[in-house]
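Asker: I would like to see how this sequence folds:
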Amino acid sequence: MITLPPQAVGLLVLGLVAGVLSGMFGIGGGVVIVPILTTFFGFALQSAIGTSLGALLMPVAILAVIEYYRAGKLKIAVAAPVAAGLVVGGWIGAQIAFGLPVDTLRVLYGFFLLFASWRFAEPRKWLAELRGGRLPAAAAEPSRGVSLWVLLALGFGAGIISGLFGVGGGIVIVPALVGLLRFDQKEAVATSLGALLLPVGLPAVITYYNNGAFDIATAAVVAVGLVFGAFGGARITLSLPSTTVKRLYGVFLLLVGLRFIFGG
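Answerer: I've put the predicted structure just below:
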């Protein structure tokens with residue numbers, strides 16, 4: 001029997017917030033869960049990563065994926081091989097995490113968050129808009145067919161990031177689908193969430209569990225919040241432009257990333 005942690009309400013709110021961002025951007029939510037668990041709930045970094053992966057192991061995005069599927073945005077044929085790559089990559093990422101000193105892992109995670117911050121905030125576009133101009137728009141290109149091996153490799157790379165840093169892998173999948181494979185943003189988000197829907201992180205979670213870095217009670221409470229938050233995030237993405245939210249999120253990641261690098 002699982003006993004609810006004393007900070008269950010706070011963890012539920014964390015899950016809701018992470019779920020909204022997950023549903024909006026297809027990122028899994030771990031990029032929020034891990035820094036909040038370490039900063040406000042006193043988790044060691046590896047325990048936060050293992051617990052985040054445990055929360056994401058459950059089909060927390062099911063309501064969001066259904067919403068995207070109904071809107072015709074989910075590409076199942078793409079999501080399936082990406083998910084297969086995630087399984088293997090996640091296990092390898094977890095092995096790497098336990099082979100590195102904690103301080104090294106913390107700094108690496110900080111730089112990872114800075115990269116994510118840049119992707120979300122889009123500072124060059126932001127600065128151009130503040131100056132009253134805009135960057136030249138890239139020529140629109142339709143999404144193109146891609147080989148099975150490329151999709152497996154994408155999932156594998158995203159899985160390593162997932163197992164190493166406790167995120168869902170969407171922070172790699174979505175930019176790759178949009179930037180390299182010319183997917184529409186909403187299609188990329190939907191397909192990323194579809195790939196993450198299955199328990200692709202199970203090998204990584206087992207690794208963290210075997211090393212005593214997995215709090216199942218915390219993961220369960222966060223997962224409940226993720227389910228409903230992700231549904232709300234999907235509804236927002238399908239109905240509203242999300243540029244401002246993305247940029248605010250990018251600023252948040254910048255601050256957290258700097259804390260991991262310089263805060264010790």
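
Asker: I'd like the distance from whatever helix or strand Leu127 lives in to the chain centre, please.
Answerer: Secondary structure from DSSP states H and E places Leu127 in helix 123-130. The chain centroid and the centroid of helix 123-130 are separated by 25 Å under Cα atoms, centre = their mean, to the nearest Å.

Asker: off-centre distance for stretch 181-195?
Answerer: With Cα atoms, centre = their mean as the basis, stretch 181-195 stands 13 Å off its chain's centre.

Asker: check which residues of the lengthiest helix in the chain are buried.
Answerer: As assigned by DSSP state H, the longest helix anywhere in the chain is helix 216-239. Within helix 216-239, the residues scored as buried using 16 or more other Cβ atoms under 10 Å are 218-235, 237-238. Backbone N, C-alpha and C define where each C-beta goes, glycine included.

Asker: do stretch 170-186 as well
Answerer: 170-178, 181-186.

Asker: can you check stretch 76-84 too?
Answerer: Within stretch 76-84, the residues that count as buried by 16+ other Cβ under 10 Å are Val78, Ala79, Ala80, Pro81, Val82, Ala83, Ala84.

Asker: then stretch 252-264?
Answerer: Neighbour-count burial for stretch 252-264, counted by 16+ other Cβ under 10 Å, picks out Phe252, Leu253, Leu254, Val256, Gly257, Arg259, Phe260, Ile261.

Asker: could I get those residues as CSV with distance to Asn211 and secondary structure?
Answerer: Putting the buried residues of stretch 252-264 into CSV (distance: Cβ to Cβ, whole Å; DSSP: H, G, I helix; E, B strand; the rest coil) gives the following:
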residue, distance to Asn211, secondary structure
Phe252, 29, helix
Leu253, 27, helix
Leu254, 30, helix
Val256, 24, helix
Gly257, 25, helix
Arg259, 25, helix
Phe260, 21, helix
Ile261, 24, helix
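
Asker: what's the local residue count around the residue nearest to Val200 when sequence neighbours are not counted?
Answerer: In space, and not counting its chain neighbours, Val200 is closest to Leu86: 3.9 Å by Cβ to Cβ, 6 or more residues apart in numbering. Leu86 has 33 neighbouring residues, counting by other Cβ atoms under 10 Å.

Asker: mind checking pLDDT for Leu86?
Answerer: pLDDT for Leu86: 96.

Asker: check contacts around it.
Answerer: For Leu86, the contact set (Cβ atoms under 8 Å, 6 or more residues apart in numbering) comprises Gly155, Phe156, Ala158, Gly159, Ser162, Gly169, Ala195, Leu196, Val200, Gly201.

Asker: if we use 6 Å, what do you get?
Answerer: Contacts here follow Cβ atoms under 6 Å, 6 or more residues apart in numbering; on that basis Leu86 touches Gly155, Gly159, Gly169, Val200.
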